[in-house]
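K.L.:
based on what follows, work out the 3D shape:
(one chain, ligands or ions: 2)
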Amino acid sequence: MTSNIENVNIGIDNDPDHYSYATHKLTPSRSSKWPVLRKRWLAIQPKCQSCGKTTKLEVHHIRPVHLYPELELAEDNLITLCENPVFNCHFVIGHGLNWLAWNPNVINDAMSMETSINNKLFN
Ligand SMILES: [Zn+2]
Ligand SMILES: [Zn+2]
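P.N.:
Ligands and ions are numbered 1, 2, ... in the order given. Below is the predicted model of the structure:
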């Protein structure tokens, strides 16, 4: 198993697209079936499973593909998270503020984030 960590250029700007690009560089070869599965997954889970937003969605692999290539197409390894600029759920909840890291508790953390958002009070 080879990871490409030394080739990853972590962005120093805040453009989430650049971070995504860095993430993708960790997984140089991807299944040709992935784009189809990704589209189908987003039809089933069309909202960020953390904050509920419907824009800038990414399909996150709970266990990263560069470490668990056999789980690339496993649907129970997927969660929809957004990359919105105010709160980037993919970066914060999925990767713990480091694209080279992964959060094994992402499902629970996304659920408690969703609960917190739903239970918020005003004044
Ligand atoms: Zn979100
Ligand atoms: Zn991810």
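K.L.:
count of neighbours near whatever residue of the chain ends up closest to ligand 2?
P.N.:
Nearest residue of the chain to ligand 2, counting by CB to the ion: H60, 3.7 Å away. C-beta here means a position set from N, CA and C on the backbone, and glycine is covered the same way. Here the count is done by other CB atoms under 10 Å, and H60 has 27 residues near it.
K.L.:
cool, D109 as well?
P.N.:
17.
K.L.:
what's the local residue count around the spatially closest residue to it that is not a sequence neighbour?
P.N.:
The shortest distance from D109 to any residue other than its chain neighbours is 5.1 Å, reached at I93 (CB to CB, 6 or more residues apart in numbering). One way to gauge burial is a neighbour count; for I93, by other CB under 10 Å, it gives 27.
K.L.:
distance of I93 relative to ligand 1?
P.N.:
Going from I93 to ligand 1 by CB to the ion, to the nearest Å gives 8 Å.
K.L.:
before we move on, the earlier item: now the element after the helix or strand hosting the residue of the chain closest to ligand 2, going C-ward?
P.N.:
Under the criterion DSSP states H and E, the helix or strand holding H60 is strand 57-61. Using DSSP H and E, the next helix or strand after strand 57-61 towards the C-terminus is strand 78-82.
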